[in-house]
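Engineer: Sequence first, then the predicted structure:
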Amino acid sequence: MNWNEIQDGIKECKKCKEEGFYAVRCPDDRIPTSEPRNAKFLFISEAPPLNSRYYFYHENTNDRLRNGLFELLRSDFDYEISTIKDFITAGFYLLPTVKCPSARNGRNAAPSGKVIKLCAEQYLKREIEYIKPQNICLLGRTALLGFLTLRNRWDVQGQDSMDMGRTLSEAAGKVLEVKILDKNAKVIISYWPTKRHRKFHQISEHIRMLMEETGL
């Protein structure tokens, strides 16, 4: 299955409705606007927001995730990144764990564990195996739960790989090695990059740690 076929499947997906996960607003067509090319460093985020037609890759609107991540890469790593083209050219890429938003009482909500499992197994796994990145940075709890779902499908190594802590704070900063098909990758757990997060700049420490592990 090629990249466009995976993305076309996401745009048309109604599996959550079929499974009775009615909090999920699907289908959603906010897929990446550019195909990954030689992506060495993959960020995995949470899910697109509820009350917006746009997400990370759609540059015609403001996006908190894009703004926060680009700021970290510019200020802490001296990357000249202001556009998605710059981001991809530098060897980066980003995927949401869950492809559609969830709602509770009409407001944006975190996806349930069952939704994370379904979407990660159906789409995120295929996307990661297509990209086969050298590094993966998990941005937030949803991304961590998605990875925990998929690690049983891959060979995950590393100290205490089965006991990463009960909370995101306990797991953050831990590095694991995973074999994705025929290629090894390093995975680090971090936070969702909003400036309001008191550990915002710890994300840069985690990114740097992973880059040093793999010589980037």
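Structural biologist: It's in.
Engineer: Longest strand in this structure, by number of residues?
Structural biologist: Counting by DSSP state E, the longest strand found in the chain is strand 183-190.
Engineer: Please state the mean pLDDT value computed over that strand.
Structural biologist: The pLDDT scores in strand 183-190 average 93.
Engineer: counting contacts, what elements does the helix or strand just after that strand pack onto?
Structural biologist: As assigned by DSSP states H and E, the chain's next helix or strand after strand 183-190 is helix 202-214. In terms of contacts (3 or more C-beta pairs under 8 Å, 6 or more residues apart in numbering; DSSP states H and E), helix 202-214 is packed against strand 41-45, helix 64-77, strand 135-139, strand 175-180, strand 183-190. C-beta: built from backbone N, CA, C; applies to glycine.
Engineer: Report the angle between the first one and strand 135-139.
Structural biologist: Strand 41-45 and strand 135-139 are oriented at 20 degrees to each other (axes from the mean of the first three to the mean of the last three C-alpha atoms, to 10 degrees).
Engineer: Paired strands for strand 41-45, with orientation please.
Structural biologist: Sheet pairing for strand 41-45, assigned by DSSP bridges, gives strand 92-96 (parallel), strand 135-139 (parallel).
Engineer: Now that strand: buried residues?
Structural biologist: 41-45 (16 or more other C-beta atoms under 10 Å).
Engineer: and stretch 131-139, which residues are buried?
Structural biologist: Those would be 131, 133-139, for stretch 131-139 by 16+ other C-beta under 10 Å.
Engineer: Report the two of those residues separated the most.
Structural biologist: The most widely separated members of the buried residues of stretch 131-139, counting by C-beta to C-beta, are 134 and 139 (17.2 Å).
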